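Engineer: Compute the structure for the input listed below.
(chains A, B, C and D)
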Protein chains: 2
Amino acid sequence: MSIKTMNPITFAKALADETRQKIMSLCCCKWLSVGEIVDALNVSQPTVSHHLGILRAAGLVDSRREGKQIFYSLNQAKIASGCCQLAIDFAPEHNLVVSPK
Amino acid sequence: MSIKTMNPITFAKALADETRQKIMSLCCCKWLSVGEIVDALNVSQPTVSHHLGILRAAGLVDSRREGKQIFYSLNQAKIASGCCQLAIDFAPEHNLVVSPK
DNA sequence: CTGTCAAATTGAAGAGCATCAATATGTCTA
DNA sequence: TAGACATATTGATGCTCTTCAATTTGACAG
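Structural biologist: Sure, this is the predicted structure:
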């Protein structure tokens, strides 16, 4: 299993939308079904699915099917990795260190 | 002088373009004139000015006039701050610590 | 002042993206 | 298998963003 470094453009693009950041906040530290996310935001179900697809493609969320529902949760390790990569690329004179709590 | 926390949407949007990331790489750790940036990339001068404007509005570059030229340089502290803010918001179970080298 | 050089601004064209309604796919239950 | 429910996909629309050519603004030299 290889560790693939996060592409800074893919990472930044995935974060560069308000609705996506709201979705990310919602499913941070917990698993939410698509329906629960739709209920929490004022956007349509296809829109939520669309954004989840983008986050999934960037590797920023994990998903798990449970019956008819699909649950999503933020992949915090990937987020942290992306932040570190940005800092390595664009703030090399600063030390950004990540450590699990 | 107040410390304004980086808005994660503004920050991510500013980073979410390949040309801007190239510009950021170029003027990381050094001061470059607009002309030098134009020469290093295959885009027009107005395009470079446009992107510099976006980076400046987000506080990610500093600028300094010297005669007819204007020099730009990455503000690495702001970059690091933005990365930390993203990690706080979206990877709270990880510890992302920044320290000047 | 006038001309020249560097960068910013304006305006327009086109690409990309977010959003939704409608539909399709997949899963469970009866 | 048929119907109901949850999510994904499709197709269309409108908005945002990138880009460039043309022009303007600003700064220096003569």
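Engineer: got the buried residues for stretch A:39-50?
Structural biologist: By neighbour count, with 16 or more other C-beta atoms under 10 Å in any protein chain shown as the criterion, the buried positions of stretch A:39-50 are residue A:48. The C-beta positions use only the backbone N, C-alpha and C, and glycine is treated the same way.
Engineer: What count of nearby residues applies to residue A:34?
Structural biologist: Around residue A:34 there are 17 other residues, counting by other C-beta atoms under 10 Å in any protein chain shown.
Engineer: Now do the contacts for it.
Structural biologist: With contact taken as C-beta atoms under 8 Å, 6 or more residues apart in numbering or on different chains, residue A:34 is in contact with A:45, A:48-49, A:52, A:69-70, A:72.
Engineer: From residue A:24, how far out is residue A:30?
Structural biologist: Noted for residue A:30: a distance of 12 Å to residue A:24, by C-beta to C-beta, to the nearest Å.
Engineer: So which of the two has more stuff around it?
Structural biologist: Neighbours of residue A:30 and residue A:24, each counted by other C-beta under 10 Å, are more numerous for residue A:24; the result is 25 against 11.
Engineer: Quick one: name the residues of chain A near DNA strand D.
Structural biologist: A:33-35, A:38, A:45-46, A:48-50, A:52-53, A:63, A:68-71 (C-beta under 7 Å from any atom of the strand).
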